[in-house]
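Novice: Structure for this input, please:
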Amino acid sequence: MTARMAALVVSFFGLWVVCAQYARPAQPQGGDHGDYRVESEYLLRFADFTEWSAPETTTHPTINFCVLGRDPYGELLDKALLTHPVGERRTVIVRGQRLRDLGRCDVLFISSSKSKNESTIFNQLRNSGVLTVGDSPDFAARGGIIQFVREGGRIRFLINVDAAERAGIKINASLLALAKIVHDAPAKGGG
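Specialist: Residues are numbered from 1 along each chain as shown. Modelled structure (predicted):
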């Protein structure tokens, strides 16, 4: 087995262990917000298994995780991300109510509080190299890259491979193997 193949096997196994650990039943809204803790950890893992094609993205000393709209994570996101670099890049969290206020984002969580504006946001981010993540219904089908879903009391995720390709983002096959793959929803009224 080549060194590259061995590294891929180790990476896949590591991702599987992390996802198996965190893909446990979500806590009810009134509980300790275990589902938000799990999603926070997933955001970090998504970045670990994403390759950005824009050279300025990979050479920048930080990886910016942005939260647009109401922040459901709060300190859970800080704990999950701030002490864990992605590769050699230090993690930074930026929060805001308007896309233009966030500055440079590598990973953008779009809160369900912004679901009415998703089409506009996706159009503004077209070809931007930003990994978009959300949890509103049909987020991925409407053009978001990764959507959190709750199935059988567990947090799972969908990946829209069309949206990732449009953004110039390559998602590692190990992560794709753990997701439900979706494509853009067909245009309404078209035949």
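Novice: Now for the residue nearest to V161 when sequence neighbours are not counted: which residues touch it?
Specialist: Using Cβ to Cβ, 6 or more residues apart in numbering and skipping the chain neighbours, the partner closest in space to V161 is I181 (5.8 Å). Placement of C-beta: from N, CA and C, glycine included. By Cβ atoms under 8 Å, 6 or more residues apart in numbering, the contact list for I181 reads 158-159, 161.
Novice: Give the pairing partners of the host helix or strand of I181; include direction for each.
Specialist: Element membership for I181 (DSSP states H and E) is strand 180-182. With DSSP bridges as the test, strand 180-182 is paired with strand 154-160 (parallel).
Novice: Now the partner strand: buried residues?
Specialist: Neighbour-count burial for strand 154-160 flags 155-160 (criterion: 16 or more other Cβ atoms under 10 Å).
Novice: What backbone torsions are found at the most centrally placed residue in the chain?
Specialist: With distances taken as Cα atoms, centre = their mean, V133 lies nearest the centre of the chain, 4.1 Å away. For V133, the backbone dihedrals (degrees, to the nearest 10) come out as phi -130, psi 140.
Novice: Show me the beta-bridge partners of it.
Specialist: Applying DSSP bridges, one finds that V133 bridges with F109, I146.
Novice: thought it was touching F148?
Specialist: Yes: V133 is within contact range of F148, at 7.3 Å (criterion: Cβ atoms under 8 Å).
Novice: Please confirm that F65 is located within a strand.
Specialist: Yes: F65: assigned to a strand according to DSSP: H, G, I helix; E, B strand; the rest coil.
Novice: Quickly list what it is bridged to.
Specialist: As for beta bridges, F65 partners with I93, V107 under DSSP bridges.
Novice: now it: how far from R156?
Specialist: Using Cβ to Cβ, to the nearest Å, F65 is found at 21 Å from R156.
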